[in-house]
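Visitor: Here is my input; please provide its structure:
(one chain, ligands or ions: 2)
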Amino acid sequence: MGLFNRLDQTVIETSVRGTELLEAPLLNKGTAFTAQERSTLRLDGLLPCRVETMQDQLDRAKITYNKQTTDLRRHVYLRSLQDNNETLFYAFLQQHLTSVLPIIYTPTVGKACQLFSEIYRKPRGLFISHDLIDSIDQMLANVPQDIKVIVVTDGERILGLGDLGIGGIGISIGKLSLYTAIGGIDPYTTLPVTLDAGTNNQELLDDPNYLGHRYNRLDEERYYQMTDAFIAAVKRRWPKVLLQFEDFAITHASPLLARYQDQLCCFNDDIQGTASVTLGTILAAAQRANVPFKDMRVTIVGAGSAGSGIAETIIQAKVAQGATEANARAQIFMVDRLGLVLDNQPDLYPFQQALAHPVSITKTWGTTGERADLLQVVEHAKPHAIVGVCGQPGIFTEAVMKQMAKNHSQPIIMPLSNPTARAEAIPEDVLNWTEGKALVATGSPFNPVKIGETEHVIAQCNNTYIFPGIGLGVLAAKASRISENMLQAAALELSQISNGDFSPGDSLLPPLEDLAVVSHKIAVAVAKQAIADGYSKLESSDAAIEQAIEAIYWRPKYQKTLAS
Ligand SMILES: O=C([O-])CC(=O)C(=O)O
Ligand SMILES: [Mg+2]
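Guide: Ligands and ions are numbered 1, 2, ... in the order given. Below is the predicted model of the structure:
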């Protein structure tokens, strides 16, 4: 037995006693330990005498939370609650999900990553570095739990904030909190990991507080020595784990995925999770705007791994609907800092080359060999949707938005970069410039916008609609891999949930408070696809899948604690 043993959904037994018990966040109930538990578990005198219910504790926590004066302070308060009493933390999250999501996750988590060393209180997760790779197995053995989900980052591209070094572990912690709060994954089985490969962020290197290695990022040889050692050790210790790559820079995101995706059950959230939620949102928007998805033209601003992942996912979905691949590719227009991506550029990564338009297009468009800028792309290609994943605020200019509205009665505008300050445009501007015509979805949360009599609710097209459901589906089905089909199935399910009878201004996606229900449905779709693809041996009936989900689903309820 580890720290504790679950006898059933309501009772656990543990050999841990006294202060040690109060310091174990997954066992600690604080003032909710009953008189009898206090006596048998040697807690008498270690707690204030009042015995509280969980709701009492939640009410008290809410008062303290409300007294925090900034989002960062609210984040620090919730993180300390998590480190103190994890069950209560998740109950709090579920009770206040919509208001608390921006605090534990995007955008505030970005600030928490930037200030990681300053707000650091207690260790959580695993810190891997190159100088310790010879003892990598011991490092993993130091984690006592049987881990089922890992979120790993190297901190080099945290949201749109760049290289935050070791602070990146904040994003791994945030993502895993959502795996549990939204996806019902047992927090005892999750592990945030940061690969401390150094940092090229001079501010961090000069910061006396900085807790990571104070050297520049490893060269490629040593970098891959470290990732190879890590992945090999994970496979030895937890061969069936689901591993999520998060916020790696363009130089490593696709190569890491290509290197390991046939070796263990893994995916890259920024390439595949973002692509899946974007496809789901575009499908929902196409329905809303009455545009056949197969004919839809899409401009993607940002030709990095996220942008290319979105493009390939849309192409695959179009092909699944009967489009030829050539036609599907011709309908996607990738734009980077310098304009439309063309096939004569010498410096393209292979995944960008596959999405480049032939230089001959410049003749048709009259841009004579030059790379068309974004406005020219919108004028000539007349995209139905424009997706921003470049982290460049303001790049969706008034002129570009007005041209989108001139081309289409309901242009689809998606400034997806995170956090808030990196968004390619502000929804209020977009809706004003397009006179309320635009269907808007953003990556970070934004308040509704009133245009005339209509209140426009802004969908948050963030991979949080996808990854918790993928995790739940994969774990329930005991899937051995995550296939492209499974990600497509997740997107399709999201778009179906998002369809219905709508009034003008309604959000393109279900509200955040429904995330757990959405994730459950996505989990079923993902599990089904895993079975169909031969990656799971689970029986394919709805009943079998539901039962498998229920068997692992974790809820933040206090269990009766027995002494063993
Ligand atoms: O974390 C988020 O909000 C979405 C995401 O993966 C990113 O922006 O890198
Ligand atoms: Mg990310």
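Visitor: contacts and neighbour counts: CA atoms only from here.
Guide: Fine.
Visitor: tell me the contacts of the residue in the stretch 101-250 of the chain that ligand 2 sits nearest to?
Guide: Nearest residue of the stretch 101-250 of the chain to ligand 2: Asp247, at 4.5 Å (CA to the ion). With contact set as CA atoms under 8 Å, 6 or more residues apart in numbering, Asp247 has these partners: 153-159, 253, 269-270.
Visitor: Please report the distance of the residue in the stretch 401-550 of the chain positioned nearest to ligand 1 from Arg74.
Guide: Using CA to the nearest ligand atom, Asn418 is the residue of the stretch 401-550 of the chain that sits closest to ligand 1, at 4.7 Å. Distance, Asn418 to Arg74, using CA to CA, to the nearest Å: 19 Å.
Visitor: and if you look at Ala525?
Guide: From Ala525 to Arg74 the distance is 35 Å (CA to CA).
Visitor: ditto for Glu428
Guide: Taken as CA to CA, the span from Glu428 to Arg74 is 26 Å.
Visitor: Of Ala525 and Arg74, which one has the most company?
Guide: In this view Ala525 and Arg74 are compared by other CA atoms under 10 Å, and Ala525 has more residues nearby, 25 against 20.
Visitor: buried residues in the strand or helix carrying the more buried one?
Guide: Per DSSP states H and E: Ala525 is located in helix 515-532. For helix 515-532, a neighbour-count test (16 or more other CA atoms under 10 Å) marks 515-531 as buried.
Visitor: does the closest residue in space to Phe127 that isn't next to it in sequence count as helix, strand or coil?
Guide: Nearest residue to Phe127 in three dimensions, chain neighbours excluded: Thr194, at 5.2 Å (CA to CA, 6 or more residues apart in numbering). What DSSP: H, G, I helix; E, B strand; the rest coil gives for Thr194 is strand.
Visitor: Tell me what Thr194 is bridged to.
Guide: Phe127, Thr153 (DSSP bridges).
Visitor: Count the residues that sit near it.
Guide: So Thr194, with other CA under 10 Å, has 24 neighbours.
Visitor: Hmm, Gly155 and it touching each other?
Guide: Yes - counting by CA atoms under 8 Å, Thr194 does reach Gly155; the two are 7.2 Å apart.
Visitor: Identify the contacts common to the two.
Guide: Joint contacts of Thr194 and Gly155 (CA under 8 Å, 6+ apart) are 166, 168-169.
Visitor: From the residues you listed, list the ones also adjacent to ligand 1.
Guide: Among these, no residue sits close to ligand 1 (CA under 6 Å from any ligand atom).
Visitor: Return the subset of these lying in helices.
Guide: Ile169 (DSSP state H).
Visitor: Which of the shared contacts of Thr194 and Gly155 has the largest number of neighbours?
Guide: Gly168 (32 neighbours).
Visitor: quick one: pLDDT of the closest residue in space to Pro292 that isn't next to it in sequence?
Guide: The shortest distance from Pro292 to any non-neighbouring residue, by CA to CA, 6+ apart, is to Ala286 (6.5 Å). pLDDT, Ala286: 97.
Visitor: Could you identify the helix or strand that succeeds the strand or helix carrying Ala286?
Guide: Ala286 is part of helix 274-289 when elements are defined by DSSP H and E. Later in the chain than helix 274-289, the nearest helix or strand by DSSP H and E is strand 298-301.
Visitor: what's in contact with that next one?
Guide: Contacts of strand 298-301 (CA under 8 Å, 6+ apart): 307, 311, 331-336, 377-378, 383-390.
Visitor: who's in contact with stretch 103-115?
Guide: For stretch 103-115, using CA under 8 Å, 6+ apart, the contacting residues are 71-72, 74-75, 78-79, 102, 119, 158-159, 161, 164, 167-171, 174-175, 418-420, 444-445.
Visitor: Type out the ChimeraX command that picks the buried ones from the residues you listed.
Guide: Filtering the contacts of stretch 103-115 down to the buried ones (16+ other CA under 10 Å) takes a single ChimeraX command:
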select :71,72,74,75,78,79,102,158,159,161,164,167,168,169,170,171,174,175,418,419,420,444,445
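Visitor: just checking, which of the contacts of stretch 103-115 belong to helices?
Guide: 71-72, 74-75, 78-79, 102, 119, 169-171, 174-175.
Visitor: can you list those residues in JSON lines and add pLDDT?
Guide: JSON lines is the format used below for those (pLDDT from 0 to 100):
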{"residue": "Asp71", "pLDDT": "98"}
{"residue": "Leu72", "pLDDT": "98"}
{"residue": "Arg74", "pLDDT": "98"}
{"residue": "His75", "pLDDT": "98"}
{"residue": "Leu78", "pLDDT": "98"}
{"residue": "Arg79", "pLDDT": "98"}
{"residue": "Pro102", "pLDDT": "98"}
{"residue": "Ile119", "pLDDT": "97"}
{"residue": "Ile169", "pLDDT": "98"}
{"residue": "Gly170", "pLDDT": "98"}
{"residue": "Ile171", "pLDDT": "98"}
{"residue": "Gly174", "pLDDT": "98"}
{"residue": "Lys175", "pLDDT": "98"}
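Visitor: Of these, just say which sits nearest to Phe4.
Guide: Nearest to Phe4 out of the ones in helices among the contacts of stretch 103-115 is Arg79 (CA to CA; 22.8 Å).
Visitor: Distance check, that closest one against Thr227.
Guide: 28 Å.
Visitor: now Ala525
Guide: 31 Å.
Visitor: Next: Arg17.
Guide: 38 Å.
Visitor: Who has more neighbours out of those two?
Guide: Thr227 (21 against 16).
Visitor: Chain neighbours aside, what residue packs nearest to that one?
Guide: Leu195 (7.9 Å).
Visitor: quick one: contacts of the helix or strand that contains Thr362?
Guide: Using DSSP H and E, Thr362 sits within helix 361-365. Applying CA under 8 Å, 6+ apart, the contact partners of helix 361-365 are 368-372, 380.
Visitor: what about 6 Å?
Guide: 368-369 (CA atoms under 6 Å, 6 or more residues apart in numbering).
Visitor: can you start the count at 26 instead of 1 from here on
Guide: New numbering, starting at 26: the last item is helix 386-390.
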